[in-house]
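J.: structural data only, the sequence is not supplied:
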């Protein structure tokens, strides 16, 4: 992936009308973690979709309003996501082009996430706590974005823990090939796996891409929420799972590398990445 390819996903026709570039829904947040859904929602907008709506428990949604006027909100009754409001959210998600679920929901939402992922046929990005109670057979039409720890949990959930010793010893190319070879059912069900690490692995049924942008500062809290939000924004606009995963991995890491140079160290925050994402198209014009 390079700037020109990312730019194609972010560009708009001169004749674009409101809504033509996609609507993203971000389902997330909790009283313990409001920031995750804010970062993810704003990152979706930075990727170029027209609107992003944060669906969150009532108090969390009001806090999102206080933070930014750029995100719409859908206020879910109660203090956390649960099985009682899962059916409601599956129906609500049908209005959107792509859905991101998981950022800041906590493990209290396990049953909610299981129900939503099983029932929703929308294009989805699934991240963070939403992954930890699921196995690879549960997904359809999805980009899933585990870090290496979450990947191991999911392999155990999928009765594929026998792969763990090989994966721990493998280099990036070998790891990607092992995963592609052993997760055929998951990948053939219109899914893409984006494994976050020193080298990001993006794997579909017939493609593998490696992303090496990014640095050690990307382990800081919130950078994964931005990656997931970018994926959702690109997906809402392009409807292409693989290209959206590759673009979000590349551009998130690229901005992190710019900030490392600018700050002369690892003092940058996830919100700094979000701010500098707004400069990407201008940077492209200067190159």
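T.: Okay, I see it. Just so you know, these numbers come straight off a predicted model, no measurement behind them.

J.: hmm, residue 246 and residue 202 touching each other?
T.: Yes - at 5.1 Å, residue 202 and residue 246 qualify as touching, with contact defined as Cβ atoms under 8 Å. The C-beta positions use only the backbone N, C-alpha and C, and glycine is treated the same way.

J.: any residues in contact with both of these two?
T.: Shared contacts of residue 202 and residue 246, defined by Cβ atoms under 8 Å, 6 or more residues apart in numbering, are found at 209, 211.

J.: how about the helices in the stretch 101-250 of the chain?
T.: With DSSP state H, counting those that start in this stretch, the ranges of helices along the stretch 101-250 of the chain come out as 110-119, 148-157, 164-169, 172-182, 184-188, 223-238, 241-263.

J.: what's the following helix or strand after the longest one?
T.: The element immediately downstream of helix 241-263 (helix or strand, assigned by DSSP states H and E) is helix 270-277.

J.: all strands of the stretch 1-150 of the chain, in order?
T.: Ranges of strands within the stretch 1-150 of the chain are 23-27, 51-57, 72-76, 98-101, 124-126, 142-144, based on DSSP state E, counting those that start in this stretch.

J.: sheet-wise, list the partners of the longest one with their directions.
T.: So the one you mean is strand 51-57. Using DSSP bridges, strand 51-57 pairs in its sheet with strand 23-27 (parallel), strand 72-76 (parallel).

J.: what's the most buried one of the helices of the stretch 101-250 of the chain?
T.: helix 223-238 (a mean of 30; mean count of other Cβ atoms under 10 Å).

J.: helices or strands next to that helix in the packing?
T.: If you count contacts as 3 or more Cβ pairs under 8 Å, 6 or more residues apart in numbering; DSSP states H and E, helix 223-238 packs onto helix 3-10, strand 23-27, helix 35-46, strand 51-57, strand 98-101, strand 124-126, helix 241-263, helix 270-277.
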